[in-house]
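Participant: No letters, just coordinates:
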Ligand SMILES: Cc1cc2nc3c(=O)[nH]c(=O)nc-3n(C[C@H](O)[C@H](O)[C@H](O)COP(=O)(O)O)c2cc1C
C-alpha cells in the first residue's frame with residue numbers, strides 16, 4: 001500500500017477549529033475527534049446530549065454532521081479530499097463516522113473555507129428583500145449534493161401549516177418541565193465556551209408569530225425588547241428521503257453546506273426547529289405531494305444585520321489523545 005503523509009499539528013488544529021465552528025443545537029458542541037493517520041474519527045459526547053428535547057438524538061446527529069462537513073471543508077482548503085464512512089458499530093458505540101482524507105479533492109468545497117468563521121445563527125429581524133431565485137437555486141443544489149433537498153415554504157397553505165405546527169410545538173415546549181430545564185441549562189446569561197448567550201437571542205417578535213425561535217429560558221430573557229420582523233419570512237425545509245442516524249448525519253452535512261453557501265452570498269440564516277423536535281407535529285410540515293418526506297430542519301433565510309459570534313470550547317477539549 002502507498003505510504004501516506006501524516007498530518008501536521010497545524011493541519012490537525014485547522015481542522016479542529018473548523019469542526020468546532022459548526023452550529024449545534026443550543027451550542028452544546030456534542031463532539032470529539034480522534035486523529036489516526038490520514039483519518040479523523042468523529043465521536044459523540046454523551047455528556048452534551050439533550051435527552052428531553054432531543055429524545056431520538058436526531059439533532060445530535062445533525063449537529064455532528066455539520067461538524068463533519070466543516071472538517072471536510074478545512075481538509076479541502078489544506079489540499080486534501082475527503083470521504084465519510086458513517087458508522088454504527090456496536091463495539092464502539094460513540095464513534096459515529098470516520099473521515100478519510102485520501103479521497104479525490106473537491107475544489108468547490110475549499111471555496112467555502114472563508115465562510116466557516118463568518119457563518120452565524122442570526123435571530124435579528126431580516127429585511128423584506130426576497131432571496132433571488134438564482135441564489136435559492138444554488139442553495140437547493142448545495143442540499144442535493146449532500147443527499148438532501150430544500151423545499152421552500154412559499155405556498156400559503158404550507159406557510160399556514162408551518163405556523164400552526166410551530167405554535168403547537170412552542171406550547172408543548174413550555175409545558176414540558178424537562179425541556180424547559182434543559183433550555184435553562186444551555187441558554188441565557190454570559191457564556192464562556194458553550195451554550196447560547198443572552199446576547200444571541202435577538203429581540204422578541206412583535207405579535208408573537210413564530211418567525212424566529214424564542215429560546216429564552218430565564219425571566220430576564222423573557223423580557224427582552226420587542227421588534228417588528230419581516231412581513232413574509234422566507235422558510236425552507238431541509239428534508240431527506242429516509243430517517244435514522246446515518247440519514248441525520250447526512251442531513252447535518254447538507255444543512256451546513258446550505259448555511260455556508262448562504263453566508264457566501266451574504267444571506268443570513270436562523271433555524272426554527274421546534275416542530276422537528278416533536279415527532280407528533282413533524283409530519284405536518286411534510287409536503288404531501290413531494291417524494292421527500294423526512295423533514296430534518298426548518299431554515300429561515302433573508303438579510304439581517306451583522307451579529308457577533310457565539311463562544312466555542314478550546315480545541316484541546318474536543319481532541320481525543322491516545
Ligand atoms: C440541529 C440544530 C438545531 C438547531 N435548532 C435551533 C432552533 O430551533 N432555533 C434556533 O434559534 N437555533 C437553532 N440552532 C442554532 C444553534 O442554536 C446555534 O448553531 C448555536 O447556538 C451556535 O451558534 P452559531 O450558529 O451562531 O455558531 C440549531 C442548530 C442545530 C445544528
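Facilitator: In hand now; what should we look at? None of the values given here were measured: they were computed from a predicted structure.
Participant: backbone phi and psi for residue 40, please?
Facilitator: phi -120, psi 120 (degrees, to the nearest 10).
Participant: How many neighbouring residues does it have?
Facilitator: 25 (other Cβ atoms under 10 Å). For glycine as for every other residue, the C-beta is placed from the backbone atoms N, C-alpha and C.
Participant: which ones are touching it?
Facilitator: 15, 33-34, 71, 98-99, 101 (Cβ atoms under 8 Å, 6 or more residues apart in numbering).
Participant: Quick check on those: which are buried?
Facilitator: 15, 33, 71, 98-99, 101 (16 or more other Cβ atoms under 10 Å).
Participant: who does the residue in the stretch 51-200 of the chain that the ligand sits nearest to bridge with?
Facilitator: Residue of the stretch 51-200 of the chain nearest the ligand, by Cβ to the nearest ligand atom: residue 121 (3.5 Å). Note on residue 121: beta-bridge partners by DSSP bridges are residue 269.
Participant: Now secondary structure too, for the buried ones among the contacts of residue 40, in a markdown table please.
Facilitator: Output for these, formatted as a markdown table (DSSP: H, G, I helix; E, B strand; the rest coil):
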| residue | secondary structure |
| --- | --- |
| 15 | helix |
| 33 | strand |
| 71 | helix |
| 98 | strand |
| 99 | strand |
| 101 | strand |
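Participant: Report the two of those residues separated the most.
Facilitator: Comparing all pairs in these by Cβ to Cβ, the longest separation belongs to 15 and 98, at 13.7 Å.
Participant: State whether residue 85 is indeed within a strand.
Facilitator: Yes: the assignment for residue 85 is a strand, going by three-state DSSP.
Participant: Please name the residues that touch it.
Facilitator: Applying Cβ under 8 Å, 6+ apart, the residues near residue 85 are 97-98, 100.
Participant: Please apply the same query to residue 191.
Facilitator: Contacts of residue 191 by Cβ under 8 Å, 6+ apart are 27, 197, 310-311.
Participant: Looking at these, state which has the most neighbours.
Facilitator: residue 27 leads the contacts of residue 191 on contacts (other Cβ under 10 Å) with 23 neighbours.
Participant: Touching, that one and residue 313? I think so.
Facilitator: No: checked against Cβ atoms under 8 Å, the pair residue 27 and residue 313 is beyond contact range at 9.7 Å.
Participant: near the ligand, which of the contacts of residue 191 show up?
Facilitator: 27, 310 (Cβ under 6 Å from any ligand atom).
Participant: domain ranges for this structure?
Facilitator: Using automatic domain parsing, the domain parsing of the chain gives 9-116, 133-302.
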